[in-house]
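Peer 1: predicted model, plus sequence, below.
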Amino acid sequence: MKTFYPLPVLGAPSQPPPFDWQGWYDAVGGRTITIDEATMWLGRIQTEQYPRFDGPVAETRREFVSPADASEWVKGRARALGADLVGIAEIEPTDIYRDRSVNYRYAIVVGARMAYEQFVTVPSESAAVECLRIYFSLGETVLHLADELRAAGIACGVEHPIGDSSVLHVPLALKAGFGELGRHGSIIHPELGPLFRIGSILTNLEMVTDEPMDAGIAAFCDKCQACRIFCPADAIPDERYHDGTVDPIGNPRYVVDTGKCFPYFARANYCSACLSVCAYHHKQWATMNDGTVGPYPTVPFGTVPAPTDPSENVHIYPKLRRDESSPWHR
Ligand code: SF4
Ligand code: SF4
């Protein structure tokens with residue numbers, strides 16, 4: 001019998017505060033990426049999708065014969081609405097940003113694959129547009145699924161893939177069985193690789209939860225260094241950080257230096273180099289739309305801005321690594 005956290009579930013004090021996009025952009029001199037198509041997708045997310053986060057819940061509730069019946073229905077609807085991945089996780093305090101709370105016990109986590117075609121050169125305008133395009137299309141999947149739940153008399157909340165969420169999508173997706181955490185800080189799925197985005201719908205509908213995956217991917221990362229070598233900003237570490245916390249399959253995490261990544265990411269078309277060079281089953285997931293195997297990507301290294309840390313709370317370990325007097329320095 002599962003012991004649930006009392007509602008509302010409060011974010012763990014050990015977790016970071018909600019990601020402050022504007023604060024980060026302010027720290028690097030503002031938003032400088034101006035690609036018409038990316039701006040168009042961002043505008044559509046804000047004007048067409050943000051107003052649809054809430055909606056009326058039907059008075060008549062759809063009945064399910066069991067939690068397994070409910071999770072099967074939810075997953076089937078998510079796939080029919082365009083999800084490439086769907087899984088269910090119980091929400092714990094460590095899945096919620098500090099100072100936030102949620103009134104739901106379950107996350108229905110959905111993922112959608114990005115087109116490798118657009119990431120053959122990274123950073124690039126095509127990769128930036130694809131990131132925003134998939135945020136919009138996965139946003140539609142999340143919103144339509146939320147509409148269907150409400151129409152079935154089931155209250156739910158929307159956590160859009162683009163951010164400003166109360167929940168951390170990555171730990172929820174790991175628990176929902178999406179793959180394993182890679183050295184680059186993104187989840188790697190055994191067949192889809194790392195090139196997908198994640199959103200969630202939160203609900204109290206009783207469902208069967210999924211299990212974290214251990215397919216040997218994290219062990220592969222311990223030997224592979226491709227993302228670290230190709231990261232233009234040198235933001236990806238060479239060792240795991242042993243601070244006592246572990247991922248759902250018991251591994252200490254690789255902690256990406258966001259203070260190095262973000263200034264580059266914010267100027268270089270949202271970078272994404274670490275995703276498209278990811279060596280894990282590259283030929284398998286890096287296929288083009290016509291089914292042919294895509295080339296290994298080209299990464300033109302540009303000028304790298306100085307590290308920037310707008311928050312004192314989230315980069316302790318990377319800061320230690322940058323400090324030449326620290327034992328973590330390399
Ligand atoms: S997005 Fe680019 S700068 Fe950031 S960690 Fe990945 S490769 Fe490095
Ligand atoms: S490039 Fe290699 S080390 Fe980096 S996440 Fe992918 S498999 Fe792991």
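Peer 2: Sure, I can see it. Ligands and ions are numbered 1, 2, ... in the order given.
Peer 1: can you pull the phi/psi pair for Ile108?
Peer 2: phi -90, psi 110 (degrees, to the nearest 10).
Peer 1: show me the beta-bridge partners of the nearest residue to it once chain neighbours are set aside.
Peer 2: Spatial nearest neighbour of Ile108, chain neighbours left out: Ile201 (4.5 Å); criterion: Cβ to Cβ, 6 or more residues apart in numbering. The C-beta positions use only the backbone N, C-alpha and C, and glycine is treated the same way. Taking DSSP bridges as the rule, Ile201 bridges to Ile108, Val158.
Peer 1: separation between Ile201 and Gly139?
Peer 2: 11 Å (Cβ to Cβ, to the nearest Å).
Peer 1: the lengthiest helix in the chain and ligand 1 in contact?
Peer 2: In the chain, assigned by DSSP state H, the helix with the most residues is helix 125-151. No. Helix 125-151 lies out of reach of ligand 1 by Cβ under 6 Å from any ligand atom, never closer than 10.2 Å.
Peer 1: can you give me the buried ones in that helix?
Peer 2: Across helix 125-151, burial judged by 16 or more other Cβ atoms under 10 Å covers 126-136, 138-146, 148-150.
Peer 1: ligand 1 contacts on the stretch 51-200 of the chain?
Peer 2: His184.
Peer 1: which single residue of the stretch 51-200 of the chain ends up nearest ligand 1?
Peer 2: Of all residues in the stretch 51-200 of the chain, the one sitting closest to ligand 1 is His184 (5.8 Å; Cβ to the nearest ligand atom).
Peer 1: can I assume that residue is in contact with Leu195?
Peer 2: No. Judged on Cβ atoms under 8 Å, His184 makes no contact with Leu195 at a distance of 11.3 Å.
Peer 1: thinking again about what came up before, could you give the mean pLDDT of the longest helix of the chain?
Peer 2: For helix 125-151, the mean pLDDT works out to 98.
Peer 1: cool, and stretch 80-92?
Peer 2: On average, stretch 80-92 scores 98.
Peer 1: for it, list the C-alpha coordinates in PDB.
Peer 2: Coordinates of each C-alpha in stretch 80-92 appear next as PDB, following Å, rounded to 0.1, in the frame of the first residue of the first chain:
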ATOM      1  CA  ALA A  80      -3.300   9.400 -29.800                       C
ATOM      2  CA  LEU A  81      -2.700  13.100 -29.100                       C
ATOM      3  CA  GLY A  82       0.900  13.000 -30.400                       C
ATOM      4  CA  ALA A  83       3.100  11.900 -27.400                       C
ATOM      5  CA  ASP A  84       6.100   9.700 -28.300                       C
ATOM      6  CA  LEU A  85       6.600   8.900 -24.700                       C
ATOM      7  CA  VAL A  86       4.200   8.700 -21.800                       C
ATOM      8  CA  GLY A  87       4.600   7.500 -18.200                       C
ATOM      9  CA  ILE A  88       3.100   8.000 -14.800                       C
ATOM     10  CA  ALA A  89       5.000   9.100 -11.600                       C
ATOM     11  CA  GLU A  90       4.000   9.800  -8.000                       C
ATOM     12  CA  ILE A  91       4.900  13.400  -7.100                       C
ATOM     13  CA  GLU A  92       7.300  13.800  -4.200                       C
END
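Peer 1: re the thing from before, which one of His184 and Leu195 has more residues nearby?
Peer 2: Neighbour count, other Cβ atoms under 10 Å: between His184 and Leu195, His184 has more, with 26 against 23.
Peer 1: which ones are touching Ala78?
Peer 2: By Cβ atoms under 8 Å, 6 or more residues apart in numbering, the contact list for Ala78 reads 86, 108, 110, 141, 145.
Peer 1: neighbours of the second one, how many?
Peer 2: Going back to what we said before, that points to Ile108. 30.
Peer 1: then the third one?
Peer 2: Residues within reach of Val110, counting by other Cβ under 10 Å, total 31.
Peer 1: hang on, it is in a strand, isn't it?
Peer 2: Yes. Membership of Val110 in a strand is supported by DSSP: H, G, I helix; E, B strand; the rest coil.
Peer 1: how near is the closest residue to it other than its chain neighbours to Tyr97?
Peer 2: Computed as Cβ to Cβ, 6+ apart, the closest residue to Val110 that is not its neighbour in sequence is Ala83, at 4.1 Å. For Ala83, the distance to Tyr97 equals 24 Å [Cβ to Cβ].
Peer 1: check Pro171 too.
Peer 2: Distance from Pro171 to Tyr97, by Cβ to Cβ: 11 Å.
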